[in-house]
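Undergrad: prediction below, plus the sequence it came from.
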Amino acid sequence: MAEFASLEGKTALVTGGSRGIGAAIARELSRAGASVVVGYRAGAEEAEALAKEIGGRAIAADVSTAEDAERLVNEAGDLDILVNNAGLTRDGLLARMSDDDWHTVIETNLSSVFYTCRAVTRPMMKKRAGVIVNVSSIVGIHGNWGQTNYAASKAGIIGFTKSLARELGSRNVRANVVAPGYIATRLTDVLPDEVRTAMLEQTPLARLGEPDDVAGAVRFLCSDAASFITGEVVLVDGGMGM
Ligand code: NDP
């Protein structure tokens, strides 16, 4: 009997795959049988080591620029699966937020999704098959103090993906969003203890998530087990955002 949520024979690109949630997604898709391309910007050593571990390829590209994002998609080859996970934060109160902090976050988190999705759209439509999963955040749904730029980028991903799901559905291309809560990675390492404690108090499962918690949901959405799911936002947040 075929394994549940198998991705045997599929080729996947995971952006921001050098560490954290992206690395966990790359490993999980590989475990599911996919051949995985790991996109990264600066973490060459980590990305190359991961690619070697999972028998995939690592490609350097700054997805905040159209040129690099398109090159990444083209070099990745004939894609069945695209996971847009690359992202960053530049937190600060709006009153003091610089133009650079705004643009860096919007371009890295949101424009990157536009560039890569645009690049895969034609080939996937032509094949009448393909799956896109974009990584948003609970902050894109509920907002967060000091994160107007990040929340805007992550909310933008949700509207973008729902629109894409409507455009591509008739060609059998699905597009969904995974919105993690607080997951233990380098991105959240910097949070002060009191913020962490407050978050745990609001989380019914009473723990921070692990990158693997997100990876499992992504694998499911990429697989035929989710073949009638598109335009959906799956919260992976221990119940925090319900
Ligand atoms: P990390 O900071 O651990 O990893 C971020 C990844 O994104 C790295 O691989 C980094 O590559 C890559 N990246 C950043 N900028 C670029 C760029 N311009 N071009 C290409 N790659 C880039 O973060 P997480 O693993 O925690 O986060 C992954 C995703 O999950 C992000 O989109 C984040 O917003 C989202 N998320 C995370 C949550 C959390 O609690 N951790 C909660 C909700 C959402 P490199 O190192 O090579 O620069």
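TA: Done, it's in.
Undergrad: got the residues of this protein near the ligand?
TA: Taking CB under 6 Å from any ligand atom as the contact definition, the chain meets the ligand at 15-16, 18-22, 40-43, 62-64, 85-88, 108, 135, 137, 180, 182-183, 185-188. Where you see a C-beta, it was placed from the backbone N, CA and C, and this is true even at glycine.
Undergrad: output the helix or strand bottoming out on mean pLDDT in the chain as CSV, restricted to C-alpha atoms.
TA: When the helices and strands of the chain are scored by mean pLDDT, DSSP states H and E, helix 186-189 comes last with a mean of 85. C-alpha atoms of helix 186-189 as CSV (Å, rounded to 0.1, in the frame of the first residue of the first chain):
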residue,chain,number,x,y,z
ARG,A,186,16.5,31.6,15.2
LEU,A,187,13.7,34.0,14.4
THR,A,188,12.1,33.5,17.8
ASP,A,189,15.3,32.9,19.8
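Undergrad: need the contact partners of that helix.
TA: 19, 20, 87, 88, 89, 182, 208 (CB atoms under 8 Å, 6 or more residues apart in numbering).
Undergrad: pLDDT value on residue 58, please?
TA: Listed pLDDT for residue 58 reads 98.
Undergrad: what packs against whichever strand or helix holds it?
TA: Residue 58 is part of strand 57-60 when elements are defined by DSSP states H and E. Judged by 3 or more CB pairs under 8 Å, 6 or more residues apart in numbering; DSSP states H and E, the packing partners of strand 57-60 are strand 35-40, helix 44-54, helix 66-76.
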